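# Sequence below, structure please.
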Amino acid sequence: MLRRSTVAIALVAGVLAVAAVPAIRHRRPHADARSARNSGTIVASIRAEPRSFNRYTSRDLSTTVLTYLMHSGLVHVNRVTNQLEPDLAERWELLPDGRTFRLHLRPNVQFSDGAPFSAADVVFSFNAIYDEKAASVLADSLQVRGKPLVVAAEDALTVTIRFPTPFGAGLRLLDGVPIYPRHRLATALAAGSFRSAWGLTTAAADLAGLGPFVLRRYEPGQRLTFDRNPRFWRHDRGFPKADRVVLEIVPDQDTELLQLDNGAIDLTQSELRPSDLAALKRAGSAGRVAVTDAGVALDGDLLWINLGDARSRDPRAQWLQAGDFRRALAHSVDRRTFIDTVYLGEAVAADSIISPGNAGWHVHAPVPEFDPASARRLLANLGLTDNDHSSTLRDRRGEPARFALLTQKGNTSLERGAAVLRDSFASVGLQVDVVPLEVGSLIDRVMRGDYDAAYFSLVTTDSDPSLNLDFWLSSGGAHLWNPEQRVAATTWEADIDRLMDQVSTTIDPHERRTAFEKVQEIIAREVPVLCFAFPRQRIAVSSRIVDATPAPYRPPLLWNPAAIGVRAAQ
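Numbers count the residues shown, from 1 in each chain. Next up, the predicted model:
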């Protein structure tokens, strides 16, 4: 990850490689997958093994997927309606102090091993998240103004959660936080070994959860198999609808596409690439696959310059870290060409770094338009000129205006986008060296501040900006261009800090949106991070599957696994 812990932003870490097609065609599916067409089994793919069975200590997408399968939270956000809905808490009320919620838990709920669920498990779970020795990746995300929530049990079925201050997003903060069994993990927490609890060597029988499925078998490097949880709290209403879920580990996206096309898997954890659409539309015409438009993505690929203090000692900093340099970059890119080249037309131009797909928070901001002449004037004002008519600008020292752009190796949209950016910047006299790196190396370079510029992807887990504070605040670890500042380095970042505090702690929706509009205006003016397009998200799913509701988040389908069913064999 880009930082020690994250509120609601996680880096995309799915590396895409190229597969050998003959090897794919002759691969025999596992027995669970072969029998899926005649059973209630959902076969899905994941790109990588989970890093742990413990969501409190790992934030990778695969661990998140198995958490949706095995666990439940107090509340959850419906990814289609974007509304907060009850889960283990069947109802709640905000108390008169404006910052304390009383949650009423469902009665007669059991963990998958038969142990009763109570308020004591809720209190234990938050104690584990906030325990320093556990070093939970969720700890920072469950704080407001740097202070944790206070969680207490009034009785076995009633919990109070007190926020340090009134909080605009309210209980949305708890979305994605699974409740764990005290009877299974209390000993590890007391012994200071919670961080290593529920690692990948843990036997399936030693895990217990409140979710719709239970882990039956884990085959490293191959698959994870989950069976229906007969004690799931919604089982009397026919949930989960499927009998079994198999997660096949398929690291390569081309392999994944072919398996989806030939029926070896039913669904994936990410959207389709534009280049995949033609093949899957043919499969759709044959009735094997349904391709759904999930709308405009909430996230776009981002370009930013390293504005950190360590880089300011570079002699190029006079122009490389200047605001007018970033504005010149923005003027250099034709967004229509960018969309056609990178996304094959399957995207919309960005007029903010907030996607139009996030209708509740997006506002049109006056981003710099495509104007190479304005770009050259701004660069000239920074002392970057082409005195020798070589088509390459030079600075006042006579050195070429040149910088390196890191991006993720093997990611189609990032590699294509970086190439378009390189050529666009070259057209105004800037030399750009694109440096594709494996995702681990790229993140390491960014974390160390050892780079000029980066072009990379972030994944937001909630549409509410107050749940993405680590990106917006100057002190945040995901404040890409200059993270974890002790004091805001610029007046405009200090202004954003102040406004985001209003967004977070103001209850009135209109006041929150007004404050965030001003944040977007500052970002548009100072352009510390640039986004050129938001792709349209197409989700493919086997025609065997019913009641799957795609959403513009990851995972796009398994965010609600209990509701997904399998069509009866004809």
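# And residue 2, what's its pLDDT?
Listed pLDDT for residue 2 reads 38.
# what does residue 33 give?
Confidence score, pLDDT, at residue 33: 48.
# do residue 487 as well
Taking residue 487 on its own, its pLDDT is 96.
# wait, what's in contact with it?
residue 474 (Cβ atoms under 8 Å, 6 or more residues apart in numbering). (C-beta placed from N, C-alpha, C; glycine too.)
# Distance across stretch 165-177, terminal residue to terminal residue?
Start to finish, the residues bounding stretch 165-177 are 20 Å apart (Cα to Cα, to the nearest Å).
# Can you tell me what sits against that stretch?
Counting by Cβ under 8 Å, 6+ apart, 64, 67, 73-77, 84, 92, 94, 98-99, 101, 103, 125, 129, 138, 141-142, 144-145, 149, 161, 461-462, 464, 466-467, 503-507, 512 sit against stretch 165-177.
# same check, this time on stretch 180-190
56, 71, 111, 113, 115, 117, 120-121, 124-125, 127-128, 131, 134, 194, 196-198, 206-209.
# Sort out which of the residues you listed are buried, if you could.
56, 71, 111, 117, 121, 124-125, 128, 131, 134, 194, 197-198, 207-209 (16 or more other Cβ atoms under 10 Å).
# Mind checking which of these are in helices?
121, 124, 125, 128 (DSSP state H).
# What about the contacts of stretch 165-177, which are in helices?
Per DSSP H, these map to helices at 64, 67, 125, 129, 503, 504, 505, 512.
# Name the nearest residue to the fourth one, sequence neighbours excluded.
Spelled out, that is residue 129. Using Cβ to Cβ, 6 or more residues apart in numbering and skipping the chain neighbours, the partner closest in space to residue 129 is residue 136 (4.5 Å).
# Tell me which helix or strand the residue lying farthest from the centre of the chain sits in.
Residue farthest from the centre of the chain, counting by Cα atoms, centre = their mean, is residue 388 at 46.4 Å. Counting by DSSP states H and E, there is no helix or strand that carries residue 388.
# how many neighbours does the closest residue to it other than its chain neighbours have?
Excluding the flanking residues, the one nearest residue 388 by Cβ to Cβ, 6+ apart is residue 394, at 7.6 Å. Neighbour count for residue 394, taken as other Cβ atoms under 10 Å: 18.
# what does the model give residue 238 for pLDDT?
At residue 238, pLDDT is 91.
# Quick check: the gap between it and residue 487.
56 Å (Cβ to Cβ, to the nearest Å).
# Same check on residue 106?
If you go by Cβ to Cβ, the gap between residue 106 and residue 487 works out to 46 Å.
# State the number of residues packed around the residue nearest to residue 490 when sequence neighbours are not counted.
With sequence-adjacent residues excluded and distances taken as Cβ to Cβ, 6+ apart, residue 490 is closest to residue 526, at 7.8 Å. By other Cβ under 10 Å, 17 other residues sit near residue 526.
# residue contacts, residue 526?
Residue 526 neighbours (Cβ under 8 Å, 6+ apart): 323, 326, 490, 492.
# mind checking which helix or strand the last one is in?
This means residue 492. helix 491-505.
# so which pair among the ones in helices among the buried ones among the contacts of stretch 180-190 is furthest apart in space?
121 and 128 (10.4 Å; Cβ to Cβ).
# Find me the pLDDT at residue 30, would you?
54.
# Next: residue 81.
92.
# swap in the one 5 residues further on?
On the pLDDT scale, residue 86 is placed at 98.
# Flag the shaky bits of the chain, pLDDT-wise.
Counting by pLDDT under 70, the chain has low-confidence residues at 1-38, 570.
# Out of the ones in helices among the contacts of stretch 165-177, which is nearest to residue 276?
residue 64 (22.9 Å).
# and that closest one, what does it touch?
55, 176, 554, 555 are the contacts of residue 64 under Cβ under 8 Å, 6+ apart.
# Recalculate using a threshold of 10 Å.
10, 46, 50, 55, 58, 176, 178, 269, 461, 554-555, 558-559 (Cβ atoms under 10 Å, 6 or more residues apart in numbering).
# can you pull out the strands in the stretch 301-450 of the chain?
302-305, 347-349, 402-408, 431-437 (DSSP state E, counting those that start in this stretch).
# so which of the ones you listed comes closest to residue 549?
That would be strand 347-349 among the strands of the stretch 301-450 of the chain, by Cβ to Cβ, at 22.3 Å.
# buried ones in the closest one?
Going by 16+ other Cβ under 10 Å, strand 347-349 has these buried residues: 347, 348, 349.
# Now for the nearest residue to residue 529 once chain neighbours are set aside, how many residues are close by?
In space, residue 529 comes closest to residue 304 once its chain neighbours are excluded; the distance is 4.4 Å by Cβ to Cβ, 6+ apart. When neighbours are defined as other Cβ under 10 Å, residue 304 has 20 of them.
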